[in-house]
Structures are given as C-alpha cells and as structure tokens.
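Colleague: Pasting the sequence and the predicted coordinates here, then a few questions.
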Amino acid sequence: MVANRTQTSFHHPRFILILLLLLIILALNRSSLLSSRLAILPQHFASLAPATILASTPSTMSYRKELRVAKLAVQRAAILTQRVFHEKAKGTLSKDDKSPVTVGDFGAQALIIHAIRRNFPTDEIVGEEEASSLREDKSLADQIWGFVSSTSLNDPASEEQIGGPIRSQREMLQAIDEGQSPGGSRGRIWALDPIDGTKGFLRGGQYAVCLALIEDGHVKVGVLACPNLPVDDSAPLSADVGDENGEGRGVMFSAVLGSGAKSRPLGRGALETGQPILMRDVPDITQATFCESVEAGHSSHGDQAEIAKKLGITRQSVRMDSQAKYGSIARGAGDLYLRLPVRADYQEKIWDHAAGDLIVREAGGHVTDVEGRRLDFSLGRTLKENKGVVATPKAVHEQVLEAVKSVLSSK
Ligand SMILES: Nc1ncnc2c1ncn2[C@@H]1O[C@H](COP(=O)(O)O)[C@@H](OP(=O)(O)O)[C@H]1O
Ligand SMILES: [Mg+2]
Ligand SMILES: [Mg+2]
Ligand SMILES: [Mg+2]
C-alpha cells in the first residue's frame, strides 16, 4: 500500500512540474544566466525553487545584498570623511594632474574596497585613488591608518556585514590598490569615488561618497552619501551648506535599476530604507533652476549662462561641487544639471557619474552628454565616447539639449 501511494505521488502532475522546473533552473545556473532569466519566470514558479539554489546564485535579481552592502560601506566611509574634516586632519597631497587628494579620500577608499572584497570577492573595482604615494610617505599612511582603524558603524551586525575592521596598515594599503580594474563591458564592476568634489570637501562645501555597481556595462545600483546637503528633500537648492555643526545636514541617495530612487537621512540607522524621490515637473522652463560645478575648469560657466539665457531662465544657477548635483535634481530641489566641456581632451571618469546617472534616471530624469548620447560606462575607466553631461527631467530634455547644441555649435 505504502509503495503504491509513493508511486502515485511521483506521477502527480505537480511533482513533474516541479521536477521540470528544477531541471530548467539547474541548466540556466550552469550557463550563469540564472539571475537574469529568473526575472522573467512568473513569481510563483520562482518561489517553488528550493531556497538553497536561490541563495547560491551570484546575484539575486533584486540586488538586495549589493544595495545593502553599498549603503553600509558608503555610510561608514562618510563617517570617516566627517571625522577627518572635523579633526582638521585633511593631510592633502597633490596628484600628478595637480588635483588634491586627502586622508579622507584614501581612508574612504580603503574601507569601501574592504567591504566589497569581503562580500563579492570576484567582482572588479574601478576606484579613483591608488596607494603608491602613501608607500613613500609613512607619516601620511600612519595618519590615514589612525582614522581607518578607528571608524566603524555603531551597529555591530551591520559592521560585521561589511567585513568588520581592516586588520593592519599593510592590508589597508592593499585594499586602496585594489581599485585598479581597467573597467569594460563585461562582468560586475564597482565604480568608486571615495570623495567626489575633494575641493568642496577641503573648503567645507559639498562633496559626495559615491559607489555604483556596473554589470555588463550598465549601472544597476547607485549610492551617494552627501554629508553637507540638507536632510530635508524639500529644502530649496542653495550653495550655502548651513551651520557649522552640521545640524540638519547629511543625506544618502540610492537607486536600483527598475526600482526607483530613494533618499534617507545619512545619520539615521543603516536599516532605514528611506523614501522615494522624484524629479520636479517643469511646466515652464523659464522657471527652472540650474546647478553646475563650482570649478570653472570643470564646466564652462560662460556657456551655461548663454544656455540659460536662450531658454529664458533668469534665476541664478546654483554652484556646488560633486555628484550632490545629481542627487539635488533627483529629489526636485533643482531641475537641470549641465556639465559643459572646457578642455576638448578631457575624458570624464566613470566614478564621477555612475551613481548619479542611475539615481537621476530612476527619479524620472534623462541623462545624456552634450550631443544627446547616453553616458556609456562600458568603455573602461573613462566615458571616452561622451562629452559633458545634460541631466534633466525627461519631459524637457529635448528642449534643453537643443539650447545646449545651439550654444556650443556657435562657438
Ligand atoms: N577638466 C575637467 N573637466 C571636468 N571634470 C574634471 C576636470 N578635472 C577634474 N575633473 C573631475 O571633476 C570632479 C569634481 O566635479 P565637480 O566639479 O562637479 O565637483 C573631480 O572629482 P574628484 O573631486 O573626485 O577628484 C574630477 O574627477
Ligand atoms: Mg580626485
Ligand atoms: Mg570625483
Ligand atoms: Mg574623488
């Protein structure tokens, strides 16, 4: 009787369906296409797959773990940068291209790479900084180690998730040097700017800690911590960073491709998910607010003024450093971000744009270069096929791009 019943259950259509499903899943897993293919399986079919198989996939389709690790890692790094600023220990070096790099940039890069390595050991990393100058400057390396070895999240479980502390100064230098991937169009590549807007950071202005996951050339996850932007999403856009104590400041923006963009107070617990953000509607372009770089060498202020005039915009543009500009327009504090090439030979770096590009697009925006091409993150460490940036709400992009093209072509 028992044997009979067992036999019957093996022929049950539901069992056969599950068996077939398992075989399909195993075949897809072998061809390493599982994560993308599962997304097109109906939800209840996917839920029938054993938990062990789903848990062992390299990346789930929701990028939940990637987002969580990125947010925690960026949060810890942002705490380090704030400590460096307040303890007046910026220890600036000048790089070969004459741009500044500080204790904060190196320390933040070390902590973020440590977190990525512990969670996603086979992923590649394109990070802005490298440690060669530190190997010749023991006192600067000691200073950075002082901050790196004493900065942690105050929630032990979260700290553990991002790999806990770095164990030695040697390990710290190794971590900094693991951001040398050439980038490219295949596989999983993290783009990391440990402090974007270093000049802003030095003068107490805006800066951002930026991290994005690029998969097969497309940005899938983006996180920006902006310690000096107002917490309040509805605060008017301003070049002023507010009071000295940082009261009311600090916001984290994040986005996952296809899931929208969010913001949350930076100082709040890392488990807080945040609230969705959207770009503002711009029914009348003459009422729009522009933001642009503080540095006239990074984006032409003169061209921006001409474009504003062409569009009938009279409001003064707001100048701020870093990808805080992308975050600000994504939450509707401003409307338009233009980056207008000054030097024809300059290639924008992927870490200066990857997170911001996704956050703006997920908040309802469109991001292109000055010729209307989408930013192409698949070509290495730089955006070599793009010139400048035009980021706006979708509905007005064509109009703004037309004005940009007309001003730039008349030069
Ligand atoms: N000539 C140039 N044109 C455009 N961007 C430049 C540039 N020289 C440097 N940059 C980049 O501009 C970034 C800052 O952008 P912004 O002006 O929007 O704040 C710098 O990032 P870092 O501060 O991370 O080095 C740097 O990578
Ligand atoms: Mg730099
Ligand atoms: Mg940068
Ligand atoms: Mg930087």
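Modeller: Cool, the structure landed. Ligands and ions are numbered 1, 2, ... in the order given.

Colleague: Please give the element, helix or strand, for the residue nearest to residue 149 when sequence neighbours are not counted.
Modeller: Leaving out its chain neighbours, the residue that sits closest to residue 149 by CB to CB, 6 or more residues apart in numbering is residue 165, at 6.5 Å. In short, each C-beta sits where N, CA and C put it, glycine included. In this assignment (DSSP states H and E), residue 165 forms part of neither any helix nor any strand.

Colleague: what's the answer for the one 10 residues further on, then?
Modeller: Assessed by DSSP H and E, residue 175 sits inside helix 169-176.

Colleague: on that earlier part again, touching, the residue nearest to residue 149 and residue 147? I think so.
Modeller: No: using CB atoms under 8 Å, residue 165 is not in contact with residue 147; the gap is 12.0 Å.

Colleague: which of these two has more neighbours?
Modeller: More crowded of residue 165 and residue 147, by other CB atoms under 10 Å: residue 147, with 23 against 14.

Colleague: Isn't the more buried one up against residue 85?
Modeller: No: at 10.9 Å, residue 147 and residue 85 do not qualify as touching, with contact defined as CB under 8 Å.

Colleague: Residues that sit against both of the two, list them.
Modeller: Contact criterion CB atoms under 8 Å, 6 or more residues apart in numbering; residues shared by residue 147 and residue 85: residue 104.

Colleague: rewinding a little: distance of the residue nearest to residue 149 relative to residue 75?
Modeller: Residue 165 sits 15 Å away from residue 75, going by CB to CB, to the nearest Å.

Colleague: Not counting sequence-adjacent ones, nearest residue to the residue positioned nearest the centre of the chain?
Modeller: Geometric centre of the chain, nearest residue: residue 355, 2.8 Å, by CA atoms, centre = their mean. The spatial neighbour of residue 355 that comes closest, neighbours along the chain excluded (CB to CB, 6+ apart), is residue 222 at 3.5 Å.

Colleague: Can you give me the neighbour number for residue 121?
Modeller: Neighbours of residue 121 under the rule other CB under 10 Å: 7.

Colleague: how about the host helix or strand of residue 305: buried residues?
Modeller: Using DSSP H and E, residue 305 falls within helix 301-311. Of the residues in helix 301-311, 301, 303, 304, 305, 306, 307, 308, 311 count as buried by neighbour count, 16 or more other CB atoms under 10 Å.

Colleague: That helix near ligand 1 anywhere?
Modeller: No: using CB under 6 Å from any ligand atom, helix 301-311 stays clear of ligand 1, coming no nearer than 11.2 Å.

Colleague: got the residues of this structure near ligand 3?
Modeller: Contact residues, the chain versus ligand 3 (CB under 5 Å from the ion): 193, 196, 352.

Colleague: hang on, residue 225 in a strand?
Modeller: Yes: under DSSP: H, G, I helix; E, B strand; the rest coil, residue 225 falls within a strand.

Colleague: which SS class is the residue of the stretch 301-411 of the chain found nearest ligand 4?
Modeller: In the stretch 301-411 of the chain, the residue that lies nearest ligand 4 is residue 351 (7.1 Å; CB to the ion). Using three-state DSSP, the structure places residue 351 in helix.

Colleague: cool, the one 10 residues further on as well?
Modeller: Secondary structure state of residue 361, per three-state DSSP, is helix.

Colleague: That one contacts residue 367, correct?
Modeller: Yes: contact criterion CB under 8 Å: residue 361 and residue 367 qualify, at 5.9 Å.

Colleague: Where does pLDDT dip in the stretch 101-250 of the chain?
Modeller: Across the stretch 101-250 of the chain, nothing is flagged by pLDDT under 70.

Colleague: Enumerate the residues of it near ligand 1.
Modeller: Counting by CB under 6 Å from any ligand atom, the stretch 101-250 of the chain sits next to ligand 1 at 128, 193, 195, 196, 197, 198, 200.

Colleague: can you confirm the last one is in a helix?
Modeller: Yes: in this structure, residue 200 lies within a helix as judged by three-state DSSP.

Colleague: Now do the residue lying closest to it once chain neighbours are set aside against ligand 2, distance only.
Modeller: Computed as CB to CB, 6+ apart, the closest residue to residue 200 that is not its neighbour in sequence is residue 321, at 2.8 Å. Computed with CB to the ion, to the nearest Å, the distance linking residue 321 and ligand 2 is 11 Å.

Colleague: swap in residue 199?
Modeller: Residue 199 sits 9 Å away from ligand 2, going by CB to the ion.

Colleague: if I read this right, the residue nearest to the centre of the chain contacts residue 210, doesn't it?
Modeller: Yes: at 4.7 Å, residue 355 counts as touching residue 210 under the criterion of CB under 8 Å.

Colleague: so residue 214, which of the three states?
Modeller: Per three-state DSSP, residue 214 ends up strand.

Colleague: quick one: buried residues of stretch 107-126?
Modeller: Neighbour counts over stretch 107-126 (16+ other CB under 10 Å) mark 107-117, 119-120, 123-126 as buried.
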